[in-house]
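Participant: Quick one, structure for this:
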Amino acid sequence: MIEAIDLSVKIGKKQILKNLNFVIHEREKIAIIGPNGAGKTTLMRVLGGMLPYEGKLIINGKEMSEYRRQDLAKLISYVPQIFYTPYTFTVEEFVKMGKYISIRNWWNAEGIDRYLDEVGILNLKARYVNTISGGELQKVLIARALAQNPRIIMLDEPTSHLDPKAVFELNRTIINLEKTVISVVHDINAAFNLYSKIMIMANGQLYGIFSGKSKEFVDAISRIYQIEYEILDGKFIVPKGPYFQ
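Facilitator: Numbers count the residues shown, from 1 in each chain. Now for the predicted structure:
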């Protein structure tokens with residue numbers, strides 16, 4: 001579905017991404033991790049059609065640069081890390097905006113309840129988006145993304161700044177989506193347990209692609225973060241030895 005060949009990005013004289021090569025298949029759940037400054041958000045912006053690039057980026061057999069913006073929006077929906085709107089919309093109205101790609105009068109769109117129900121916020125449809133919690137808002141953003149009916153949903157650090165309960169609920173929502181999901185995450189345990197593949201980035205390059213729940217992934221993050229990790233009970237990644245003293 002997505003193939004990158006020598007994908008590179010330069011902003012001014014600074015090389016942000018360099019010669020990335022990878023393939024993402026239909027309905028795969030991909031986590032992107034790496035230290036701060038690794039180029040994760042830049043990659044997401046490129047995949048979302050928001051930044052120019054060098055090399056090749058093929059979406060559904062067609063070079064991304066050949067897509068019209070409207071057609072690309074039918075394929076890919078992007079959920080940002082931070083969102084704010086000064087306008088007062090109900091949750092239902094806000095999610096309806098996702099239909100603007102296919103329906104000119106999006107405010108008359110029907111069938112919105114299915115998207116609200118899919119992410120577990122049907123009870124919030126009459127609430128205003130500026131009165132709900134951060135975790136609820138992230139679910140609203142995902143529901144709006146689903147309303148676009150894309151094949152690919154991209155999420156930039158979707159659980160940042162959320163409490164543990166909201167993180168749990170949102171991760172469950174993400175993994176149950178019947179879409180290709182590409183998500184930047186900082187929680188290595190979430191990447192380890194919830195995603196089918198994990199892309200590790202460092203210094204603007206792709207360090208490697210690993211299967212979820214693999215020892216190779218744990219060894220790789222130990223090198224990248226310079227902390228020796230181990231797998232505990234087959235489920236958790238923890239620092240090895242007396243780390244906390």
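
Participant: all helices for this structure, in order.
Facilitator: Using DSSP state H, the helices assigned to the chain run over residues 40-47, 69-75, 91-96, 113-118, 134-147, 164-175, 188-194, 215-225.

Participant: Report the distance from the first one to the chain centre.
Facilitator: The one in question is helix 40-47. What separates the centre of helix 40-47 from the centre of its chain is 10 Å, taken as CA atoms, centre = their mean, to the nearest Å.

Participant: Give me the neighbour count for Ala109.
Facilitator: Taking other CB atoms under 10 Å as the criterion, the count of residues near Ala109 is 18. Where you see a C-beta, it was placed from the backbone N, CA and C, and this is true even at glycine.

Participant: For Pro164, see how far away the closest residue to Gly49 other than its chain neighbours is.
Facilitator: Distances taken as CB to CB, 6 or more residues apart in numbering place Leu72 nearest to Gly49, at 4.9 Å, with adjacent residues excluded. Using CB to CB, to the nearest Å, one gets 35 Å for the distance from Leu72 to Pro164.

Participant: Of those two, which one has the most company?
Facilitator: The neighbour count for Leu72 versus Pro164, taken as other CB under 10 Å, is higher for Leu72 (18 against 8).

Participant: My guess is the more buried one contacts Ser65. True?
Facilitator: No - Leu72 is not in contact with Ser65 according to CB atoms under 8 Å; the separation is 9.9 Å.

Participant: and the residue nearest to Gly49, what does it touch?
Facilitator: Contact criterion CB atoms under 8 Å, 6 or more residues apart in numbering gives Gly49, Ile59, Met64 as the residues in contact with Leu72.

Participant: Need those residues in CSV (columns: pLDDT).
Facilitator: Listed next are those as CSV, based on pLDDT from 0 to 100:
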residue, pLDDT
Gly49, 90
Ile59, 94
Met64, 92
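
Participant: ok, so of those, who is nearest Phe236?
Facilitator: Checking the contacts of Leu72 against Phe236 with CB to CB, the nearest one is Ile59 at 35.5 Å.

Participant: Who are the contact partners of that closest one?
Facilitator: Per CB under 8 Å, 6+ apart, neighbours of Ile59: Met1, Ile2, Tyr67, Leu72, Leu75, Ile76.

Participant: May I have the lowest-mean-pLDDT helix or strand in the chain exported as PDB, CA atoms only?
Facilitator: For the chain, scoring each helix and strand by mean pLDDT, DSSP states H and E identifies helix 164-175 as the least confident one, at a mean of 84. Extracted in PDB, the C-alpha atoms of helix 164-175 (Å, rounded to 0.1, in the frame of the first residue of the first chain):
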ATOM      1  CA  PRO A 164      -3.500   6.000  32.200                       C
ATOM      2  CA  LYS A 165      -7.200   5.200  31.800                       C
ATOM      3  CA  ALA A 166      -7.500   7.400  28.800                       C
ATOM      4  CA  VAL A 167      -4.300   5.900  27.300                       C
ATOM      5  CA  PHE A 168      -5.700   2.400  27.800                       C
ATOM      6  CA  GLU A 169      -9.100   3.200  26.200                       C
ATOM      7  CA  LEU A 170      -7.500   5.100  23.300                       C
ATOM      8  CA  ASN A 171      -4.900   2.300  22.600                       C
ATOM      9  CA  ARG A 172      -7.800  -0.200  22.500                       C
ATOM     10  CA  THR A 173      -9.700   2.000  20.100                       C
ATOM     11  CA  ILE A 174      -6.600   2.400  17.800                       C
ATOM     12  CA  ILE A 175      -5.800  -1.300  17.600                       C
END
